[in-house]
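S.K.: Would you be able to build a 3D model of this:
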Amino acid sequence: MTRQWIREVSLSIDAGGESIDVSALRIRFKVAQNRLQTPNIAEITVTNLKEETAQKIKKEGQIVTLKAGYVGGSEGLFKGNLIQKRVGRENPVDTYLTMLAQSGDKAYNFATVSKTLAAGSTFKDQVDVVLEAMKPHGITAGYIADLGSKKMPGPRTLFGMARDTMRDIAFSTGTSWFIEDDKLNVTKNNEPRPGEAFVLNSTTGLIGRPVQTLDGIIVRMLLNPKVRPDTRLKIDQGSIDEAAFNPNFTGEVSNAMIPSLADDGLYRVLVADHHGDTRGNSFYTDAICIRADGQGPQPIRLAQQGIDLSPGQ
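M.R.: Model (predicted):
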């Protein structure tokens with residue numbers, strides 16, 4: 001395991017074929033990763049950037065690439081399109097440039113499909129059509145789960161927004177889809193991505209104590225770019241602060257919706273928020289998790305999205 005000391009952050013912006021590297025300056029960032037179909041978001045602030053350099057960062061759609069971690073273990077944390085640039089002054093001495101970027105927003109907003117597949121096509125064939133539509137917008141295939149061998153009994157016409165086609169595929173196959181670092185991922189609702197679970201304790205970066213809430217198990221750790229939606233964490237059950245029941249009769253419903261703890265300590269990440277400051281204390285990953293086996297009540301935020309991660313989906 002990489003030693004978690006000596007932070008390492010790199011930030012580059014593709015400005016019309018010229019790569020602008022601003023890694024030497026103070027960088028503050030917030031990266032929100034989720035598996036709820038909408039694009040992942042990054043807000044990145046650079047302090048005291050030269051005026052002439054700031055002027056080169058001006059067009060929507062420029063590629064922003066952020067890597068973070070610790071020396072010997074930093075990895076890509078975000079790659080996406082610039083959607084807004086803001087400049088200003090924090091005080092009489094320091095200026096700032098803040099970039100808001102989304103991963104795959106062009107594909108999400110503009111990719112369309114118009115194709116008829118012959119009888120006998122599969123859901124994987126439909127995903128391939130979506131990928132072909134998103135390819136001009138910089139999207140490539142990420143992790144695509146096994147969608148089964150079911151064949152369509154007749155011709156299948158795909159027409160409209162590519163994102164709507166993906167939602168139909170996900171609903172029909174018990175999966176979820178999301179774009180992460182300009183890659184299309186499709187994961188099964190009742191199982192995490194392949195790979196070993198990351199053991200999380202005080203020696204591997206755990207900060208404070210995880211908390212059981214209606215939204216899931218909330219945990220903070222030292223920034224870890226490997227922790228992403230659908231990865232697994234192994235957390236000792238004894239280190240989790242359990243949620244308090246509402247003893248009133250009005251609390252029966254909310255009490256029944258508290259996600260249960262896992263006896264084996266295995267949890268699946270639903271949301272990962274990474275935030276850091278190369279000149280400050282903040283350098284954390286906050287994750288919201290549920291039991292990896294999908295047993296027990298599902299978090300409220302999933303119910304609001306119409307997603308069921310329980311077994312049998």
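
S.K.: From now on I want contacts and neighbour counts done on CA atoms only, so please keep to that.
M.R.: OK.

S.K.: so how far is stretch 187-202 from its chain's centroid?
M.R.: Computed by Cα atoms, centre = their mean, to the nearest Å, the chain-centroid distance of stretch 187-202 equals 14 Å.

S.K.: so where is the stretch 1-150 of the chain shaky, pLDDT-wise?
M.R.: Along the stretch 1-150 of the chain, the model assigns pLDDT under 70 to residues 1-2.

S.K.: just so I have it, where are all the strands in it?
M.R.: 7-15, 18-21, 27-34, 41-47, 63-70, 75-89, 95-102, 112-117, 140-144 (DSSP state E, counting those that start in this stretch).

S.K.: With mean neighbour count added, can I get these in JSON lines?
M.R.: Listed next are these as JSON lines, based on neighbours: other Cα atoms under 10 Å:
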{"stretch": "strand 7-15", "mean neighbour count": "19"}
{"stretch": "strand 18-21", "mean neighbour count": "13"}
{"stretch": "strand 27-34", "mean neighbour count": "22"}
{"stretch": "strand 41-47", "mean neighbour count": "22"}
{"stretch": "strand 63-70", "mean neighbour count": "21"}
{"stretch": "strand 75-89", "mean neighbour count": "19"}
{"stretch": "strand 95-102", "mean neighbour count": "21"}
{"stretch": "strand 112-117", "mean neighbour count": "16"}
{"stretch": "strand 140-144", "mean neighbour count": "15"}
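
S.K.: between those, which gets nearest to residue 154?
M.R.: strand 112-117 (8.7 Å; Cα to Cα).

S.K.: The closest one pairs with which strands?
M.R.: strand 156-161 (antiparallel) (DSSP bridges).

S.K.: Whichever helix or strand comes after the partner strand to strand 112-117, inter-axis angle?
M.R.: Downstream of strand 156-161, the first helix or strand assigned by DSSP states H and E is helix 162-173. On the basis of axes from the mean of the first three to the mean of the last three Cα atoms, to 10 degrees, helix 162-173 is oriented at 50 degrees to strand 112-117.

S.K.: Restricting to C-alpha, output helix 162-173 in PDB.
M.R.: Extracted in PDB, the C-alpha atoms of helix 162-173 (Å, rounded to 0.1, in the frame of the first residue of the first chain):
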ATOM      1  CA  ALA A 162     -28.600   8.500 -26.100                       C
ATOM      2  CA  ARG A 163     -29.000   9.100 -22.400                       C
ATOM      3  CA  ASP A 164     -32.700   8.100 -22.600                       C
ATOM      4  CA  THR A 165     -31.700   4.900 -24.400                       C
ATOM      5  CA  MET A 166     -29.300   4.100 -21.700                       C
ATOM      6  CA  ARG A 167     -31.900   4.600 -19.000                       C
ATOM      7  CA  ASP A 168     -34.200   2.200 -20.800                       C
ATOM      8  CA  ILE A 169     -31.400  -0.400 -21.000                       C
ATOM      9  CA  ALA A 170     -30.600   0.100 -17.400                       C
ATOM     10  CA  PHE A 171     -34.200  -0.300 -16.300                       C
ATOM     11  CA  SER A 172     -34.600  -3.500 -18.400                       C
ATOM     12  CA  THR A 173     -31.400  -5.100 -17.200                       C
END
